[in-house]
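Chemist: Attaching a predicted model along with its sequence, questions to come.
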Amino acid sequence: MPFDALDARILRLLLDRPRTSVREYARILGVARGTLQARLERLERDGVIVMAGPRVSPAALGHPVLAFVRIEVARGHLDDVADALAGVPEIVEAFSITGSGGDLLTRVVARDNAHLEGVIQRLGRLPGVVRTRTEIALSERVPHRVLPLVESLTPDQGPEPDSAPEPDPDPPEGAQRDAR
């Protein structure tokens, strides 16, 4: 079944109200609980919903420093280095990349700059690593999000349930204002 307007409404609710029950989602959407459950299962099976659970803040766990470390890998060692990265707890994400900036891009968290330096030195000593390049994040400007993407995938379906449209304060020229 292709992604449709109901799927988009379900995802909006999951993203806006992640701690709401399935029963409440069904009530808000005006669909049967069974319908909603079937849609959720399909979205999970299709890989649209990839995980359920809390999003944990490394900063709140005492790791407020965030850096992006690009790693250049010797030819033929990409899988070995990637496997070794999985053993470094301060690496919270790692991606294979293209371009001249390296072969892997990692997101690294640390307690402070000295801790970050130790992690970077550890990465540089991994067999197959040619060099690393680090960029420290100063602040988060756009937090991780997917709701705008979800909303861009389906045409506007009107207001969400439990909300009313706001009146247009500046109607187009030539339009009549309601004088009631």
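Modeler: Yep, it's here. Values in this document were obtained by computation on a predicted structure and should not be read as measured data. Residues are numbered from 1 along each chain as shown.

Chemist: Do a quick rundown of the strands in the protein.
Modeler: Along the chain, counting by DSSP state E, strands occupy 65-73, 91-96, 104-110, 129-136.

Chemist: Mean neighbour count and distance to Leu6 added to the ones you listed, as CSV?
Modeler: C-beta here means a position set from N, CA and C on the backbone, and glycine is covered the same way. Formatted as CSV, the strands of the chain follow (neighbours: other CB atoms under 10 Å; distance: least, CB to CB, whole Å):
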stretch, mean neighbour count, distance to Leu6
strand 65-73, 19, 37
strand 91-96, 14, 31
strand 104-110, 21, 34
strand 129-136, 15, 41
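
Chemist: and of the ones you listed, who's closest to Arg12?
Modeler: Closest to Arg12 of the strands of the chain is strand 91-96 (CB to CB; 24.9 Å).

Chemist: As CSV, could you dump the C-alpha coordinates of that closest one?
Modeler: C-alpha atoms of strand 91-96 as CSV (Å, rounded to 0.1, in the frame of the first residue of the first chain):
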residue,chain,number,x,y,z
ILE,A,91,30.5,7.4,18.6
VAL,A,92,26.8,7.8,18.4
GLU,A,93,26.5,7.6,14.6
ALA,A,94,28.8,6.7,11.7
PHE,A,95,28.1,7.0,8.0
SER,A,96,30.0,6.0,4.8
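
Chemist: Tell me how the chain divides into domains.
Modeler: 5-53, 59-136 (automatic domain parsing).

Chemist: how about the ones you listed, which one is nearest Val142?
Modeler: domain 59-136 (13.8 Å).

Chemist: Quick one: mean pLDDT for the closest one?
Modeler: In this model, domain 59-136 has an average pLDDT of 97.

Chemist: Since that was my last question, I'll sign off now.
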